[in-house]
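# How does the following fold in three dimensions:
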Amino acid sequence: MRLGYVADTVRLLLLGWVRARLMHASRLISITVLLAGISAGFAARRYNATGLTISVDRARQTVVISHESIPGYMDAMAMPFRVKDAASLNGLVPGTKVDFTLVVENGSSWIEKLHPVEFWSAERDPEQARRLGLIESIIGKSKANQLGVGQPVPNFTLPDQSNRATSLAQFAGKVVALNFVYTRCPLPDYCFRLSNNLAQLQKRFAARMGRDLILVTITFDPVHDTPAVMADYAHIWNADLKAWHFLTGPLAEVQRVCGIFGVAAWQDEGILTHSLHTAVIDRNGKLAANIEGNLYTAKQLGDLVEEVMNRPAARP
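As a prediction, the model looks like this:
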C-alpha cells in the first residue's frame, strides 16, 4: 500500500510539473505573439501623398503642405511636416506642387522622397506642350526672365471690365491672387478651372474680400477679350467687382505683364496654346508664390492664400 501510495504521489507530481511547464510555454507563446503584435504596430508605416507647398522653414527643417487625402490615414488638410534631410528643401518655394512619402513610426513622423512635380504647362497633348517650350526658347520667353518668389512685383496698369484704369499699386497692403485666362478657352480643366479656383477663394474668404484679399484675372487674348467681354465673363462667376477685377488692354502691355509671371500664349490653328500660372502677391508687393499648371485644388490655393494673408506686413 505504501509503495502504491508513493507511486501515485510521484505520478501526480510529474503531471503537475508537466502541466505547469505547458502553461508556462503557453504564456511564453502568448507573450511572444503579443510582443510581435506590438512590434508590428510600431513598425514604420509609409504613405504616398501629393500636395501644394504653403511655406518652408529651412532652419527648423519643416515644410507646410496642403495635401490631398491620404487613404487609410488622414483627410486632406494643411499641416507642417518634418524632414530629416534638410537638403530635400533646397529650391522648394511656396506654390510648388510636390509628391512625398509620409513615414509614421514609434509615435513620430516625417516625410521623405520629397520631389517637385513638373508640369507641361500647355493645353492639349504633351507634344504640343514641348512645341510651346521650344517656341518660348526661340522667342526669348524662357523661365529665366520670370520673376522669382520673394522679388517685388513691378507695377502695371490695365483697364478693367468697366474700362477703368486699374493699377497693381492701388492694392498695396493687401494680398493679391492673380491668374491669366482667355474667355474662349474650350477646355474645362484649364482657364475654367483657374477661374473657378478664384471663385472658391471669393466664397471662402467672403468676409476678407476687398479688405485683405484682392482677386485679379488678366486675359492674354485682349484682341477678343475687350472690357465688355470681360464684364460678361465676370458675370459668369458672380464676381464681387469691388474686390475681383478682370483686366485687358493693349496687346503689348498685356504681353509685358504676362512675361513678369512666365505666362506665354501662341496662336496655333485658331486655338491659343498657353501656359498656366496662378500668382499670389503678398501685402508688401512681393511675389509670394507662382503656381504653374492646374494640378492643384481650390482648397490648396486657399490654404496658401490664407497663410500669406496671415503674415504681418512689413513696417514702413
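
# for the chain, what are the low-confidence residue spans?
1-42, 119-144, 267-272, 315-316 (pLDDT under 70).

# How about the contacts made by the residue most central in space within it?
Centroid-nearest residue in the chain, with C-alpha atoms, centre = their mean: L52, separated by 1.7 Å. Applying C-beta atoms under 8 Å, 6 or more residues apart in numbering, we find L52 in contact with 65-67, 95-98, 291, 296-297, 300-301, 303-304. For glycine as for every other residue, the C-beta is placed from the backbone atoms N, C-alpha and C.

# Over to V93?
By C-beta under 8 Å, 6+ apart, the neighbours of V93 are 53, 56, 149, 289.

# could you pull out the strands for this protein?
Along the chain, the stretches classed as strands by DSSP state E are 45-57, 62-67, 77-82, 97-105, 108-116, 157-159, 165-167, 175-181, 213-219, 244-247, 265-268, 271-274, 277-281, 287-292.

# List the buried residues for the longest one?
Along strand 45-57, these residues count as buried under the neighbour rule (16 or more other C-beta atoms under 10 Å): 47, 49-56.

# again, but for stretch 238-257
For stretch 238-257, by 16+ other C-beta under 10 Å, it's 239, 243-249, 254, 257.

# which one among these gets closest to K174?
A243 (9.2 Å; C-beta to C-beta).

# so who does the closest one touch?
Applying C-beta under 8 Å, 6+ apart, the residues near A243 are 202, 209-210, 213-215.

# what do you get if the cut-off is 7 Å, keeping everything else the same?
209-210, 213-215 (C-beta atoms under 7 Å, 6 or more residues apart in numbering).

# What of R82?
61-62, 110.

# quick one on the thing from earlier: deepest-packed of the strands of the chain, please.
Burial of the strands of the chain is given as mean neighbour count (mean count of other C-beta atoms under 10 Å); strand 244-247 ranks first at a mean of 26.

# from the chain's centre, how far out does it sit?
24 Å (C-alpha atoms, centre = their mean, to the nearest Å).

# Stretch 255-265 too?
For stretch 255-265, the distance to the chain centre is 22 Å (C-alpha atoms, centre = their mean).

# just stretch 303-316 next, same as before
17 Å.

# and stretch 69-83, how far from the chain's centre?
12 Å.

# Switch the contacts of R82 over to TSV; also include distance to H277.
As requested, the contacts of R82 are exported to TSV (distance: C-beta to C-beta, whole Å):
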residue	distance to H277
Q61	29
T62	27
W110	31
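
# Closest one of those to F261?
Closest to F261, out of all of those and judged by C-beta to C-beta, is T62, at 27.8 Å.

# what's near enough to touch the closest one?
80-82.

# do the same with L92
Per C-beta under 7 Å, 6+ apart, neighbours of L92: 53, 56, 63.

# could you redo the last one with a cut-off of 10 Å?
53, 55-56, 58, 63, 65, 83, 98, 114-116 (C-beta atoms under 10 Å, 6 or more residues apart in numbering).

# Could you check how far it is from P152?
21 Å (C-beta to C-beta, to the nearest Å).

# same deal with G285?
Counting by C-beta to C-beta, the gap from G285 to P152 is 6 Å.
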